[in-house]
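Undergrad: sequence? don't have it. structure:
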Ligand SMILES: *[C@@H]1O[C@H](CO)[C@@H](O)[C@H](O)[C@H]1NC(C)=O
Ligand SMILES: *[C@@H]1O[C@H](CO)[C@@H](O)[C@H](O)[C@H]1NC(C)=O
Ligand SMILES: *[C@@H]1O[C@H](CO)[C@@H](O)[C@H](O)[C@H]1NC(C)=O
């Protein structure tokens, strides 16, 4: 279906300022991310009309065919600039609610106008209104991973190709900032037959096993729902670290988490 041309990896790592050129009050940003722990919203006139949310039937677990559970993932479309033969732009949702303002403003929309692109934004699983599971129990959180999220995007690309009768050979370009910027680059690397290029803004492109800096983002995210949650998780982590310092503590920890 998709031709796998020998295209060089078109990953542009550009400063966040380019993608976020129109972000309001960007002093709120610390090391390229919002104090809220996610990509900020772009600046727009009050009451700017935005496309309404749509839902897409997504697989819960892309790596286990014996779990055919599905859920509804939220996405937004702006087809106003699209002329068949033009590219498809895919804005990747990150660790926060997907803001539909991105569908009508920002540098990528200017590119879309210029290149007659069809634009989509897919919200990241477990964020905003895209909740695959009823609760956030450890069992259910097992489905929250970058791998699953990349597979969500691949599955979404296939579905939208059918829905919009996107011609064969159409170039899909992924966009993202920060965490979702990393996802954009990884999507290009992992699914080169689906993604022609990626624009990755201010992203930690090299995957890191012990990515301690990301805890700051998690902290900001947790604080959105409840500050006490941050304190509780921090206290619990410290207590566990203490326990793991000696054999008796080890034993206690083993008992607790048996
Ligand atoms: C935006 O919409 C609200 C509710 O419809 C209205 O009260 C308000 O005056 C509008 N603001 C502007 C700047 O148009
Ligand atoms: C797409 O974005 C343009 C530019 O902001 C806007 O004028 C248009 O209404 C948008 N289309 C939809 C369907 O929201
Ligand atoms: C935040 O968490 C604390 C501790 O669990 C709880 O007592 C409090 O009611 C929570 N606040 C809200 C707004 O949920």
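TA: Perfect, thanks for sending it. Values in this document were obtained by computation on a predicted structure and should not be read as measured data. Ligands and ions are numbered 1, 2, ... in the order given.

Undergrad: Which helix or strand lies directly C-terminal to the longest strand that the chain contains?
TA: For the chain, the strand that runs over the most residues, judged by DSSP state E, is strand 70-78. Of the helices and strands lying after strand 70-78 in sequence (DSSP states H and E), the nearest is strand 88-92.

Undergrad: So that next one, near ligand 2 or not?
TA: No. Strand 88-92 does not reach ligand 2 (C-beta under 6 Å from any ligand atom); its nearest approach is 11.4 Å. All C-beta atoms are positioned from the backbone trio N, CA, C, and that covers glycine.

Undergrad: thinking in terms of the whole chain, how far from its middle is the helix or strand following that strand?
TA: Following strand 88-92 in sequence order, the next helix or strand is helix 107-115 (DSSP H and E). Using C-alpha atoms, centre = their mean, to the nearest Å, the distance from the centre of helix 107-115 to the centre of the chain it belongs to is 20 Å.

Undergrad: still on that earlier bit, buried set for the longest strand of the chain?
TA: 71, 73, 74, 75, 76, 77, 78 (16 or more other C-beta atoms under 10 Å).

Undergrad: what's whatever residue of the stretch 151-258 of the chain ends up closest to ligand 2 in contact with, if anything?
TA: Ligand 2 sits closest to residue 164 of the stretch 151-258 of the chain, with a gap of 13.3 Å, by C-beta to the nearest ligand atom. Contacts for residue 164 (C-beta atoms under 8 Å, 6 or more residues apart in numbering) come out as 79, 82, 118.

Undergrad: If any of these are buried, put those into a ChimeraX selection.
TA: Filtering the contacts of residue 164 down to the buried ones (16+ other C-beta under 10 Å) takes a single ChimeraX command:
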select :82,118
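
Undergrad: re the thing from before, the longest strand of the chain pairs with which strands, parallel or anti?
TA: strand 54-59 (antiparallel), strand 118-122 (antiparallel) (DSSP bridges).

Undergrad: Redo the ones you listed as JSON lines? Include mean pLDDT and distance to ligand 2.
TA: Shown next, in JSON lines, are the strands paired with strand 70-78 (pLDDT from 0 to 100; distance: least, C-beta to the nearest ligand atom, whole Å):
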{"stretch": "strand 54-59", "mean pLDDT": "97", "distance to ligand 2": "11"}
{"stretch": "strand 118-122", "mean pLDDT": "98", "distance to ligand 2": "7"}
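
Undergrad: Please work out which of those strands is packed deepest.
TA: Compared across these, strand 118-122 shows the largest average neighbour count, a mean of 24 (mean count of other C-beta atoms under 10 Å).

Undergrad: what's around residue 185, how many residues?
TA: The local packing of residue 185 (other C-beta atoms under 10 Å) involves 25 other residues.

Undergrad: Just put the strands paired with strand 70-78 in a markdown table and tack on distance to residue 108.
TA: Listed next are the strands paired with strand 70-78 as a markdown table, based on distance: least, C-beta to C-beta, whole Å:
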| stretch | distance to residue 108 |
| --- | --- |
| strand 54-59 | 19 |
| strand 118-122 | 7 |
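
Undergrad: Of all the ones you listed, which one is nearest residue 143?
TA: Among the strands paired with strand 70-78, the nearest to residue 143 by C-beta to C-beta is strand 54-59 (9.8 Å).

Undergrad: next one: that closest one to chain centre, how far?
TA: Counting by C-alpha atoms, centre = their mean, strand 54-59 comes out at 15 Å from the chain centroid.

Undergrad: And for it, what's in contact with it?
TA: 68-77, 122, 125, 132, 151-152, 155-156, 159.

Undergrad: mind running it again at 6 Å?
TA: 70, 71, 72, 73, 75, 152 (C-beta atoms under 6 Å, 6 or more residues apart in numbering).

Undergrad: Tabulate those residues (TSV), appending distance to residue 169 and pLDDT.
TA: Below are the contacts of strand 54-59 laid out as TSV (distance: C-beta to C-beta, whole Å; pLDDT from 0 to 100):
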residue	distance to residue 169	pLDDT
70	30	97
71	32	98
72	30	98
73	26	98
75	23	98
152	24	98
